[in-house]
Each structure stands twice: as structure tokens, then as C-alpha cells.
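Below is the sequence, then the predicted model.
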Amino acid sequence: MKTRIVFLFLLFVNFHIWSQSSLKEKAHEHIAELTPLLLNLKDSIGAWAEPSLQEYKTKALLQETLSKAGFQIEENLGGISSMFSAQYGQDGPSIALLGEYDADVFENGTKGHASGHHWLGVGSLGAALSLKRLIDNGEIEARIVYVGSTAEGGFGGRAHLARRNVFEGIDLAIFWHPSPVTWASTRPWDALLDLEIQFNQEQVKVIETPPNSSTLLQKVLSFTKVLDRLKMGMDSTIHLHYSLASPKASYNYSTDNIEVKIRIQAVEQATVNQLYQAVKDKAEALQRNEITVGISVFRAIHAFLPNNTGMKMVAENMNDLGPISFTTQEQNQAKAIQSRLELPTSGLQAKLLPFQPYTNSQTLRKYASDIGDVSWWAPTLSFVVTCYPRGVPIGQAVAAEMAFQSFGGKGMLYAAKLICSSVVDYLGNKGLQHAIKAEFQSRIGAQSYHLFEPMIHPTVENNRKRTK
């Protein structure tokens, strides 16, 4: 009897594995069918090269493609005209596929897709279309939500959406990015907060003030000494920087306005929250003796919460897919680019990097991403795929020259397949869903999403200021 039960159990497990594999193959076949459409989409978006908050043609093209497939479109997401969401399906878990599509603006004013967001946005869209077919065939139950956002490196489009509860009710979010390597990464991103503190006092003639009176500048400098003392106690997981600005100095009059710009960056979100409160309290303590203090948040990005359970699933699917198959011609093109840039001519890295579970970060990543905010609302999976030769400085003008190379298109299609495989595994395994959610809740613990609301509206000009 026991032998029969074991046999039936093994038969069930093997059937389940075969069923999951079959669904993945169907999704991959559909990605192959969609290839001409996806390549045309990324070429159009690449040629337009519309920068953050100005992706009018890009957004319209993506919306039209998803709308024709039956997705329900929500425009002006979060009140931003260049952001939108597209939803398909009613039953089952809600899966958010995170897309971007903004181009870079270089110092000379030219524009181009140097960060590969034309691949990013279209790759996630391809996965959405393929998963939609599985829903139509009754093979999976899910609500697929494509979220198109912008200005990740500026004001943080997804952080803006998170503050407006756009990701409420999402069970799983998936993000990918073009890279020189293919890796299911669990590396976290830092928490980041930019503040502006305005100190104001009525301007007076210096000759008429008592000799022992303190000027506004002296009082502000005493405040900066507090910041210096905070910095002295910091380790490699925390960074604090400040700078001062004031109107032109005068021989006759006291300074009446001083602005202090402060950046707080840390591995742990709780550290940023605590430092913000300490800085705020010390600044507000000066609000006496005719001094007024105004504190405003300029940019707020939450720390990314890794999910080892979910990322191990992604890594296993990555291993099943294997490395991207680049042609000899593509490798030679990559090496020629590296040679021109005086880089080691290693070509395109096809080999997958090994999965490494996240433990505890002891140093700053020195970069913050708005997918961090998403990760406080739902378990968020993030991976990178080879679309560039090793060493190429992504985000710089030279990388934009590769926006139409075939190897980038291959990386985009690979990412779409990997998203589909991971969604199929997630939907087909209740135990996995519970484990991913349990780790998500454990990472947050007793913390809650801290609502830092920037005081300025996201516009093209304000976004440029945030990147400086």
C-alpha cells in the first residue's frame, strides 16, 4: 500500500513538472512568434529616443499594442501623462511586469537609448502578451499588470506610483534590466533621501547689530557641526553629504537666506528614517529668535528588499534556458566595440553568473532604484540580461550607439522568456507563493512604508535638477 502511495505521489510530481515545462515551452514559442513585432517596437522606440516625461509617441505605441491585444489601459498613471498601466485577466494572483522606455539625455544635448530602456519596456511587454495567451487558453489564472513608468534615475517614477498605492494588491512584481552580464541578482539597492532646508532671517545692517550677536550664517554653521558629528559615527553602510548655498554676500547686510542640501543614503531603510528625524529635529530647534526653517523632501527612494526564494526560482529558470547563443559575427562586433573603447576584447558574456543568496549587506551599493519602493508593496524579483559588451559604460553616449545591435534584441527576447517561465512556476506552486510571501513579510518585519512626499511636482525641469 505504501509503495503504491509513493508511486502515485511520484507520478503526480512528474506530471506537474511536465505540465509546467509544457506551459513554458508554449510561452517561449509565442515569444518566438512575437519576435518581428517586438523587434519593430524596440526599433521605433529606439529611433524616437524620447527622454523622461516626454515619451509621447513611445507611450502611445505601447498602449496601442496592448490595447489591441485586449488589455485594459489606465492612462496618466499617478497623474503623469507619460506613465500608464495595462491589465489583463481577473482571476488568480496579480503579477506586475515593470517596464521603462525613457531615453538618456547627454551633456551636449543629444538623446539616445544608452541604458537599453527600449529593450526593457518591450521585453516586459512581450512577456505580458505571451502570458495573456496562456490565460486565454485557460492554462493559467492570473491578473497581468504591465506598469509603464519613467525617470527611474531622476525623481523615481515607480516611487511616485508607490506613494499613490498603485502597487496595492499586487502579489508579485518582476523587473529586468539590460546589462553586460546575465544574472539572477539578489543585490539590494540603497535607501536614498535628498532634503532641502531653508533657513531665513530678516536682513539687517551689520553696523547696527550688537557685536556679540550671532548671524544666521553662524547659527547654520552650528547646525552643520551637528551633521559632522553624525557623520563621524557612521560606518560603510551609511553616507551623509551636505552643501550650503546663499545669496551673494554683502559688506553692509547680514545674510538673510541660507539653503542646506542634504543627501542621506544607507543600506537599511530604518537608518535613513532615523537620520531624517534627527536632522529634522536639529534644524527645527533653530526655529527661534526670528529664524524660520523650511524643510522639504526633494527625492525619496526606498531600499530594495531582496527575495531569495523568488530569485532562486528565477535562477533555476535561467539555468534551464541556458546562456544566450550569440553568433560569431555578434561576438566580433562586440570585440570591435571594446577595442575602439580600449577595453579588454572579451566580447559578449554568454555564461550565466551563479546565484548567490542575499545575506546582509555590509557596504553601500552606492546606487538607489525606484524598484525599491515597489518591493515594499509586493515581493519584487529583479534580474539582468546580457545586452551589451563587457565594460561598456551604460547610460553614456557611447552605449547609445549599440541601441540597434542584434545582440541587444536577443537579450530582450531572452528576458521575455525568463519572465514567462518564472510566472508559470509561481502560479503553478502554492507552496512557492506562500514561501515568497513569507520571506517578503519577514524582510519588512515591524517596519511600514515611510511616506516621504517630495514637495515639487514631477516635471521635465524638476527631473533634470534631481539628476544633478
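Okay, I see it. As the structure is a computational prediction, the values presented were derived from the model and not from experiment.

And the pLDDT for residue 5?
Residue 5 is assigned 52 on the pLDDT scale.

Revised request: answer the last question for residue 19.
At residue 19, the pLDDT value in this model is 68.

same thing with the one 5 residues further on?
What the model reports for residue 24 is a pLDDT of 97.

And it, which helix or strand is it part of?
helix 2-48 (DSSP states H and E).

ok, now residue 407?
Assigned by DSSP H and E, residue 407 belongs to helix 406-427.

which helices and strands does that helix pack with?
Packed against helix 406-427, as judged by 3 or more CB pairs under 8 Å, 6 or more residues apart in numbering; DSSP states H and E, are the following elements: helix 2-48, strand 94-100, helix 117-136, strand 172-179, helix 308-321, helix 328-340, strand 380-386, helix 430-444. Using the backbone N, CA and C atoms, a C-beta is placed for each residue, glycine as well.

rerun at 7 Å
In terms of contacts (3 or more CB pairs under 7 Å, 6 or more residues apart in numbering; DSSP states H and E), helix 406-427 is packed against helix 2-48, helix 117-136, strand 172-179, helix 308-321, helix 328-340, strand 380-386, helix 430-444.

Out of these, which gets the lowest mean score?
helix 2-48 (a mean of 79).

which element follows that one toward the C-terminus?
Going down the chain from helix 2-48, the next helix or strand is helix 56-68, by DSSP H and E.

who's in contact with that following helix?
41, 44-45, 48, 50, 73, 82, 84, 86, 101, 121, 125, 128, 146, 148 (CB atoms under 7 Å, 6 or more residues apart in numbering).

Just the buried subset of these, please.
The neighbour count (16 or more other CB atoms under 10 Å) marks 41, 45, 48, 50, 73, 82, 84, 86, 101, 121, 125, 128, 146, 148 as buried among these.

what's the angle from the helix holding residue 407 to helix 430-444?
Interaxial angle of helix 406-427 relative to helix 430-444 (axes from the mean of the first three to the mean of the last three CA atoms, to 10 degrees): 100 degrees.

Please identify the buried residues of helix 406-427?
Quick answer for helix 406-427 (16+ other CB under 10 Å): 407-427.

buried stuff in stretch 130-148?
So stretch 130-148, judged by 16+ other CB under 10 Å, has buried residues 130-135, 139-140, 142-148.

Of these, just say which sits nearest to residue 280.
Checking the buried residues of stretch 130-148 against residue 280 with CB to CB, the nearest one is residue 147 at 31.9 Å.

Could you say which helix or strand holds that closest one?
Element membership of residue 147 [criterion: DSSP H and E] is strand 143-149.

and that strand, average pLDDT?
Mean pLDDT, strand 143-149: 97.

Check what contacts that strand and list those residues.
So strand 143-149 is contacted by 59, 62, 66, 71, 83-90, 92, 94-101, 121, 124-125, 128, 131-132, 157-158, 161, 170 (CB under 7 Å, 6+ apart).

ok, residue 415 - contacts?
Residue 415 sits next to 123, 176, 385 when contact means CB under 7 Å, 6+ apart.

what's the neighbour count on the first one?
This means residue 123. Other residues near residue 123 come to 32 when the count uses other CB atoms under 10 Å.

Identify each of the strands in the stretch 101-250 of the chain and give its residue range.
Along the stretch 101-250 of the chain, the stretches classed as strands by DSSP state E, counting those that start in this stretch are 104-105, 111-112, 143-149, 172-179, 191-201, 238-245.

dump the residue contacts of residue 450.
269, 273.

repeat that for 8 Å
By CB atoms under 8 Å, 6 or more residues apart in numbering, the residues touching residue 450 are 269, 273, 302.

just to revisit the earlier point, what is the most widely separated pair among the buried residues of stretch 130-148?
So, those by CB to CB: farthest apart are 139 and 148, at 25.9 Å.

Do I have it right that residue 325 meets residue 350?
Yes. Judged on CB atoms under 8 Å, residue 325 makes contact with residue 350 at a distance of 7.3 Å.

Of the two, give the one with the bigger neighbour count.
residue 350 (16 against 9).

Grab the nearest non-local neighbour of that one.
Spatial nearest neighbour of residue 350, chain neighbours left out: residue 323 (4.0 Å); criterion: CB to CB, 6 or more residues apart in numbering.

tell me which helix or strand of this structure sits lowest on mean pLDDT?
Sorting the helices and strands of the chain by mean pLDDT, DSSP states H and E puts helix 460-466 at the bottom, at a mean of 57.

Out of the buried residues of stretch 130-148, which comes closest to residue 341?
Of those, the one sitting nearest to residue 341 (CB to CB) turns out to be residue 148, at 31.9 Å.

Any regions of the stretch 151-300 of the chain where pLDDT drops low?
For the stretch 151-300 of the chain, the stretches flagged by pLDDT under 70 are 289.

Could I get the contacting residues of residue 178?
Going by CB under 8 Å, 6+ apart, the list of residues near residue 178 reads 115-116, 119-120, 384-385, 387-388, 394, 408, 411-412.

Farthest-apart pair in those residues, please.
394 and 412 (14.7 Å).

before we move on, the earlier item: quick check: the residue nearest to residue 350 is in a strand.
No. Using DSSP: H, G, I helix; E, B strand; the rest coil, the assignment for residue 323 is coil, not a strand.

now the helices for the stretch 201-350 of the chain?
Ranges of helices in the stretch 201-350 of the chain, per DSSP state H, counting those that start in this stretch, are 216-232, 269-284, 308-321, 328-340.

got the buried residues for the last one?
Spelled out, it's helix 328-340. Counting neighbours by 16+ other CB under 10 Å, helix 328-340 gives 330-331, 333-335, 337-338 as buried.

What degree of burial does residue 206 show, as a neighbour count?
Residue 206: 14 surrounding residues under other CB under 10 Å.

Now it. Nearest residue, chain neighbours left out?
residue 254 (5.6 Å).

repeat for residue 101
Nearest non-adjacent residue to residue 101, counting by CB to CB, 6+ apart: residue 121, 3.6 Å away.

can you check residue 98 too?
Spatially, and ignoring its direct neighbours in sequence, residue 98 is nearest to residue 175 (4.2 Å; CB to CB, 6+ apart).

Isn't the one you found up against residue 380?
Yes. Between residue 175 and residue 380 there is a contact under CB under 8 Å: 6.5 Å.

shared neighbours of the two, anything?
Between them, residue 175 and residue 380 share these contacting residues under CB under 8 Å, 6+ apart: 371, 374.

returning to what we had before: closest to residue 196 among the buried ones among the contacts of helix 56-68?
Distances from residue 196 to the buried ones among the contacts of helix 56-68, taken as CB to CB, are shortest for residue 82 (25.3 Å).

Read off the pLDDT value for that closest one.
The model's pLDDT for residue 82 equals 94.

for the one 10 residues further on, same thing?
Model confidence at residue 92, expressed as pLDDT, equals 96.

Before we go further, it is sitting in a strand, right?
No. Counting by three-state DSSP, residue 92 is not part of a strand but coil.

The nearest residue to it once chain neighbours are set aside: what's it in contact with?
Leaving out its chain neighbours, the residue that sits closest to residue 92 by CB to CB, 6+ apart is residue 141, at 3.3 Å. Counting by CB under 8 Å, 6+ apart, residue 141 makes contact with 89, 91-92, 135, 427.

quick check, nearest of those residues to residue 317?
Distance to residue 317, by CB to CB, is smallest for residue 427 among the contacts of residue 141, at 13.1 Å.
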